[in-house]
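Undergrad: Starting from these lines, generate the structure:
(one chain, ligands or ions: 1)
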Amino acid sequence: MSRLPVSALTIRNFFFLSLVQVYQEVVSALARQNIMVILDNQLSKPGWCCSRYDGDGFFGDKYFDIEEWFSGLKIMATMFNSTPNVVGMSLRNELRGPNQNLTLWYRYMQEGAELLHSINPNLLVILSGLDYDKDLSFLLLKQPTLTFTNKLVYELHWYGFSDGGDWENGNPNNVCASVEKSTLLRGGFLLGQGRPLFLSEFGFDQSGTHVTDNRYLTCFLSVAAEWDLDWALWALQGSYYLRQGEVAYDESYGLLTWDWCKARNPSFVKRISALQSPLQGPVYRTRSHTI
Ligand SMILES: *[C@@H]1O[C@H](CO)[C@@H](O)[C@H](O)[C@H]1NC(C)=O
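TA: You can find the predicted model right below:
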C-alpha cells in the first residue's frame, strides 16, 4: 500500500486513507522519529476498553472469537514483517472477566506466541496476565512451553485505582510498602528471576488535584526507580475524536493537554524524565547523573 509522508496529509487526503492505512502511516511517522513501536491487540469489538462484563475479556467470550484473534495477529505480524521499528507485539490487552481460565491462558498464549514467531522471528513476543493484566503470579509455578527463547516479555499494569491500597485513608508510606509487596507477588518477582518484565500501563489524573492518585504516583515512581522498570505511560493523547459516544473527549490521564499543544502537568514531565534511562546495569555505570 502506498505511504504518504505526514507533511502531505491534509484533511482532504485523509478521507482517502482506510483505517489500516492511517495506522501504517502513524507507524512510519514514528519510524522517521526513531521511535520503536509495540503493537497491542486491545479488543475484538471496537470501542473503549475494558470492563469485566463486556463479553470481550477472555478467549471464547461473546465478542472474543479465537479464530478471528489468530487471524488478526497473523495479519498484523505479516503487515509489519519488514518494518524495523515495529519491535514487538503484545498478544492481547488485559485479559479479564468471569471466564478467565489458566488452562486456556497457557494454550492460546503459547499458540499465539508461536504464530508470531513463525511469521516474524525478530519480534519481541509480549504476554499479558489475567485480571486486567494485574496478575502474572501463576508464572511462579509454570512458564509457558515455547520453541524459542530470549525474546519473550511479560507485561503488567498498575494503577492506583486498582492496586488494593488504601491511598485515601492509609499512611502513604505504609500503603506504598504493602502495594509494592503485592506488585512483587503479582509479577514483579519475574525481574528477580532474570525474566523481562514491562510495566506496560500506569497512569494518573494529570490535573494534579486527585489526592489519592498523587500518593499512588509518588509510590509508583519510587518503585519504578528501585526496580529499574521498563514502563509505558497511559497516555500520551490529550483528547479523542470520539470516546464512549462523546466528541472531543478530554483525557484527564493524558500527558498532553486537550489541544495536544503542551504538557498537562509540567512537573510530572520533570519527574518522569529521571526514569527514562536505565538505573542499573552496564549503561548506567558509564553515565553521570545529577539527582
Ligand atoms: C478451563 O478450561 C478447560 C478447557 O476448556 C476446562 O477443562 C476447565 O474446566 C476450565 N477450568 C475452569 C476453572 O473453568
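Undergrad: ok, residue 198 - contacts?
TA: Taking CB atoms under 8 Å, 6 or more residues apart in numbering, we find residue 198 in contact with 126, 153-156, 230-232. Where C-beta positions appear, they are placed from N, C-alpha and C, glycine not excepted.
Undergrad: Out of these, which comes closest to the ligand?
TA: Of all the contacts of residue 198, the ligand sits closest to residue 154, with 21.2 Å by CB to the nearest ligand atom.
Undergrad: Report whether the expected contact of residue 235 with residue 250 is present.
TA: No. Using CB atoms under 8 Å, residue 235 is not in contact with residue 250, being 11.8 Å away.
Undergrad: Of the two, which one has the most company?
TA: In this view residue 235 and residue 250 are compared by other CB atoms under 10 Å, and residue 235 has more residues nearby, 16 against 13.
Undergrad: quick one, what contacts the more buried one?
TA: Residue 235 is in contact with 203, 251, 253-255, counting by CB under 8 Å, 6+ apart.
Undergrad: can you rerun that using 6 Å?
TA: 251, 253-254 (CB atoms under 6 Å, 6 or more residues apart in numbering).
Undergrad: likewise residue 250?
TA: 239, 258.
Undergrad: And it, its phi and psi?
TA: With angles defined as degrees, to the nearest 10, residue 250 sits at phi -80, psi 130.
Undergrad: Not counting its neighbours along the chain, what's nearest the residue in the chain positioned nearest to the ligand?
TA: The nearest approach of the chain to the ligand comes at residue 101, 3.6 Å away (CB to the nearest ligand atom). Of all residues not flanking residue 101 in the chain, residue 58 sits nearest, at 7.1 Å (CB to CB, 6 or more residues apart in numbering).
Undergrad: how much space between that neighbour and residue 108?
TA: Relative to residue 108, residue 58 is positioned 10 Å away (CB to CB, to the nearest Å).
Undergrad: export the contacts of residue 198 to JSON lines and tack on secondary structure and neighbour count?
TA: Below are the contacts of residue 198 laid out as JSON lines (DSSP: H, G, I helix; E, B strand; the rest coil; neighbours: other CB atoms under 10 Å):
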{"residue": "126", "secondary structure": "strand", "neighbour count": "23"}
{"residue": "153", "secondary structure": "strand", "neighbour count": "18"}
{"residue": "154", "secondary structure": "strand", "neighbour count": "21"}
{"residue": "155", "secondary structure": "strand", "neighbour count": "26"}
{"residue": "156", "secondary structure": "strand", "neighbour count": "23"}
{"residue": "230", "secondary structure": "strand", "neighbour count": "16"}
{"residue": "231", "secondary structure": "strand", "neighbour count": "18"}
{"residue": "232", "secondary structure": "strand", "neighbour count": "16"}
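Undergrad: so can I have JSON lines of those showing distance to residue 171?
TA: Shown next, in JSON lines, are these (distance: CB to CB, whole Å):
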{"residue": "126", "distance to residue 171": "36"}
{"residue": "153", "distance to residue 171": "35"}
{"residue": "154", "distance to residue 171": "31"}
{"residue": "155", "distance to residue 171": "30"}
{"residue": "156", "distance to residue 171": "25"}
{"residue": "230", "distance to residue 171": "29"}
{"residue": "231", "distance to residue 171": "25"}
{"residue": "232", "distance to residue 171": "29"}
